[in-house]
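> What follows is a predicted protein model with its sequence.
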Amino acid sequence: MKSSSGWKNNGNGTNTSRFEGLPGGYRYYDGYFDFVGDYGYWWSSSKANTDRAWSRALDDGRNALVQRGDDGKRSGLSVRCIKD
C-alpha cells in the first residue's frame with residue numbers, strides 16, 4: 001500500500017496494491033505537523049463518536065500492517081479522493 005518513494009529509513013513500499021500511500025504525517029489540532037516521511041495517516045468515512053473519526057495509518061517500518069485508530073476531528077490527516 002505504500003508508495004515506492006518518499007518514505008524515510010528505507011521504508012518505501014512496492015505499491016502492489018496501487019494505493020500509492022505517501023508519508024504525509026499528522027497535523028495536530030493546534031497546527032503543529034509531525035511524522036512527515038515516517039507515517040501516513042488517512043481519514044476513513046466512519047465516525048467513532050461525536051468528536052472522533054476512524055483513521056488508518058502506515059509507518060516507515062518494513063511491516064505490511066495497516067493500523068486502525070480514532071483521531072479527533074480537529075486533527076489533520078490525509079484523504080484519498082476516488083473518481084467514479
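In hand now; what should we look at?
> State the distance from the residue positioned nearest the centre of the chain to residue 24.
For the chain, the residue nearest the mean C-alpha position is residue 41 (1.7 Å; C-alpha atoms, centre = their mean). Separation of residue 41 from residue 24 (C-beta to C-beta, to the nearest Å): 7 Å. For every residue, glycine as well, the C-beta is placed using N, CA and C.
> same question, residue 56
12 Å.
> what is in contact with the two at once?
Common contact partners of residue 56 and residue 24 (C-beta atoms under 8 Å, 6 or more residues apart in numbering): residue 41.
> Local confidence estimate at residue 64?
As predicted, residue 64 sits at a pLDDT of 65.
> do the same with residue 29
Residue 29 is assigned 93 on the pLDDT scale.
> For it, give its distance to residue 36.
Distance of residue 29 to residue 36, given as C-beta to C-beta: 17 Å.
> Same drill for those two, tell me which one is more crowded.
A count of neighbours by other C-beta atoms under 10 Å puts residue 36 above the other of residue 29 and residue 36, at 15 against 11.
> Verify the stated contact: that one with residue 7.
No. The criterion here is C-beta atoms under 8 Å, and residue 36 misses it with residue 7 at 10.6 Å.
> Residues that sit against both of the two, list them.
residue 23.
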